[in-house]
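A.B. asks: can't give you the sequence, but here's the structure:
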């Protein structure tokens, strides 16, 4: 099987011109088949405020009413996605921007309000149709995916970019040896969050359990690593957590593995 | 050669829920390979005003400064494009949304200010790379194209949707027998602009010259028809100008032909 690198990058890296440019240079330098999944959260906040709307976050996730859905559709699917595509094209990367609605890539269900929060137009993926994506990668294009999906009934849904990167990677693992890279503003998983030299080179599931128990891994990282280990169990060959400027350096960052 | 229908629809049809729905129903009913190019002008005006910016039109074309470019990128490439894709998916049309930057589809040059107007980030197409588009159509997907292109150096450009529909049709005419349909809020080319029963069934170049000389065709239609006849001369098999709800009715509207 051929290799495919799936990279997830957050909105935080992209909203700053310098870090965005460093990241895109590194992404363009990655050899072989590749695919980018991006966030865009903070830029959406800026536009919400400019439009007189109030960003509403619960546990780090965005409550998405109808007006907010319009804004995230514009910002994620339009502004961020198309600027990334144009930038990558200028670097001779044949990028093509998509959401989960395009080619029916990801169908989601509207998140239930079981937990007492009415999330509005937030979607959790239930179905991935990777055929079009697989064709695009096979033709040498580089898909750039915005964090939006659809419900199959005509409604777009705001969807977590980490989740999208994971489900897309798992779906493509039938066709490729997939490496999934989470590009961060930290150098990797750190034992000391303020020290970029404290990168943990490798973590397996047992090591993760220990670090979680000892409180060495901080809260935001826990669900990310949990879903990453799930993905490893579902056929992704390798998962790395790396500083955004070092993604093409095989030795940088933290590599997740199932066993020691 | 197989057939391909390229449909251009303006923002005016799309901004109204009822006409948009009628149009999309008719588009979904079109048989065979198809492709949609959309505008979105008036919705961009609404967002410009909400953001405290001033729409600036000269001779019916939008002067596009940096802030306006961000808004049209969001509205055309994000909101309008992705809502169309999600709607078409719900009608079992496997739509995939694109701009001219995606797959390097259309490279434009920034329009010069020879005419004394500084158009800003407005682009005129100079190069069409239809390979990715041709692959997508061949795979049974239905491209939905927003009126944005890029300069190949990382900058998006606001581009006329009629022009984009025409250059894309001409490029695909090497692979398909292309019918280009301009979907309007009028029933076709009318001899009396207030009477939808006055549709001219067929126009050839000589007839067009006569109607222009007699003043029977009104101003906005003239450049549209001129570029349409150019496209016919460049290999598009048929061009029709039709009411938006009747595009799948072969007999509706006006058909352009080179000779009687």
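C.D. replies: Yes, it's here. From a predicted model like this one, the values you see are computed outputs, not experimental measurements.

A.B. asks: And the strands in chain A?
C.D. replies: Assigned by DSSP state E, the strands in chain A fall at A:2-9, A:33-38, A:57-58, A:61-62, A:95-98, A:106-110, A:123-128, A:142-145, A:148-150, A:156-158, A:176-184, A:202-203, A:238-243, A:254-256.

A.B. asks: Next, format those strands as JSON lines and append mean pLDDT, distance to chain B and mean neighbour count.
C.D. replies: From N, CA and C alone the C-beta is placed, and that goes for glycine too. Formatted as JSON lines, the strands of chain A follow (pLDDT from 0 to 100; distance: least, Cβ to the nearest Cβ, whole Å; neighbours: other Cβ atoms under 10 Å in any protein chain shown):
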{"stretch": "strand A:2-9", "mean pLDDT": "97", "distance to chain B": "17", "mean neighbour count": "22"}
{"stretch": "strand A:33-38", "mean pLDDT": "98", "distance to chain B": "13", "mean neighbour count": "24"}
{"stretch": "strand A:57-58", "mean pLDDT": "88", "distance to chain B": "21", "mean neighbour count": "11"}
{"stretch": "strand A:61-62", "mean pLDDT": "84", "distance to chain B": "16", "mean neighbour count": "18"}
{"stretch": "strand A:95-98", "mean pLDDT": "98", "distance to chain B": "4", "mean neighbour count": "28"}
{"stretch": "strand A:106-110", "mean pLDDT": "97", "distance to chain B": "9", "mean neighbour count": "21"}
{"stretch": "strand A:123-128", "mean pLDDT": "96", "distance to chain B": "11", "mean neighbour count": "19"}
{"stretch": "strand A:142-145", "mean pLDDT": "98", "distance to chain B": "9", "mean neighbour count": "24"}
{"stretch": "strand A:148-150", "mean pLDDT": "98", "distance to chain B": "5", "mean neighbour count": "30"}
{"stretch": "strand A:156-158", "mean pLDDT": "98", "distance to chain B": "5", "mean neighbour count": "28"}
{"stretch": "strand A:176-184", "mean pLDDT": "95", "distance to chain B": "18", "mean neighbour count": "24"}
{"stretch": "strand A:202-203", "mean pLDDT": "94", "distance to chain B": "37", "mean neighbour count": "18"}
{"stretch": "strand A:238-243", "mean pLDDT": "94", "distance to chain B": "23", "mean neighbour count": "22"}
{"stretch": "strand A:254-256", "mean pLDDT": "95", "distance to chain B": "32", "mean neighbour count": "22"}
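
A.B. asks: how about residue A:134, what does it touch?
C.D. replies: Neighbouring residues of residue A:134 by Cβ atoms under 8 Å, 6 or more residues apart in numbering or on different chains: A:172, A:175.

A.B. asks: Quick check, pLDDT for it.
C.D. replies: On pLDDT, residue A:134 comes in at 95.

A.B. asks: next one: residue A:260
C.D. replies: 59.

A.B. asks: ok, the residue of the stretch 151-260 of chain A found nearest chain B - how many residues close by?
C.D. replies: Nearest residue of the stretch 151-260 of chain A to chain B: residue A:154, at 3.7 Å (Cβ to the nearest Cβ). By other Cβ atoms under 10 Å in any protein chain shown, 16 other residues sit near residue A:154.

A.B. asks: could you measure it against residue B:84, distance?
C.D. replies: 10 Å (Cβ to Cβ, to the nearest Å).

A.B. asks: Could you measure from the residue of chain A most remote from its centre over to residue B:202?
C.D. replies: What lies farthest from the middle of chain A is residue A:52; by Cα atoms, centre = their mean that is 28.0 Å. As defined by Cβ to Cβ, residue A:52 lies at a distance of 52 Å from residue B:202.

A.B. asks: if we can go back for a sec, tell me who's in contact with the residue of the stretch 151-260 of chain A closest to chain B.
C.D. replies: Shown in contact with residue A:154 (Cβ under 8 Å, 6+ apart): B:86-87, B:89-90.

A.B. asks: Below-threshold pLDDT in the stretch 101-250 of chain A: ranges please.
C.D. replies: For the stretch 101-250 of chain A, the stretches flagged by pLDDT under 70 are A:219.

A.B. asks: Chain neighbours aside, what residue packs nearest to the residue of the stretch 151-260 of chain A closest to chain B?
C.D. replies: Nearest non-adjacent residue to residue A:154, counting by Cβ to Cβ, 6 or more residues apart in numbering or on different chains: residue B:90, 3.7 Å away.

A.B. asks: mind checking how far the one you found is from residue A:177?
C.D. replies: 35 Å.

A.B. asks: what do you get for residue A:194?
C.D. replies: 35 Å.

A.B. asks: from what I can see residue A:233 touches residue A:256, true?
C.D. replies: No - using Cβ atoms under 8 Å, residue A:233 is not in contact with residue A:256, being 10.9 Å away.

A.B. asks: Could you pull up the residues touching residue A:30?
C.D. replies: Residue A:30 neighbours (Cβ under 8 Å, 6+ apart): A:5, A:7, A:247-248.

A.B. asks: quick one: it from chain B, how far?
C.D. replies: 18 Å (Cβ to the nearest Cβ, to the nearest Å).

A.B. asks: how about the residues of the stretch 151-260 of chain A near chain B?
C.D. replies: Listed as neighbours of chain B in the stretch 151-260 of chain A under the rule Cβ under 8 Å from any Cβ of the partner chain: A:152-156.

A.B. asks: Redo those as JSON lines? Include distance to residue B:188.
C.D. replies: Below are those laid out as JSON lines (distance: Cβ to Cβ, whole Å):
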{"residue": "A:152", "distance to residue B:188": "35"}
{"residue": "A:153", "distance to residue B:188": "34"}
{"residue": "A:154", "distance to residue B:188": "29"}
{"residue": "A:155", "distance to residue B:188": "34"}
{"residue": "A:156", "distance to residue B:188": "34"}
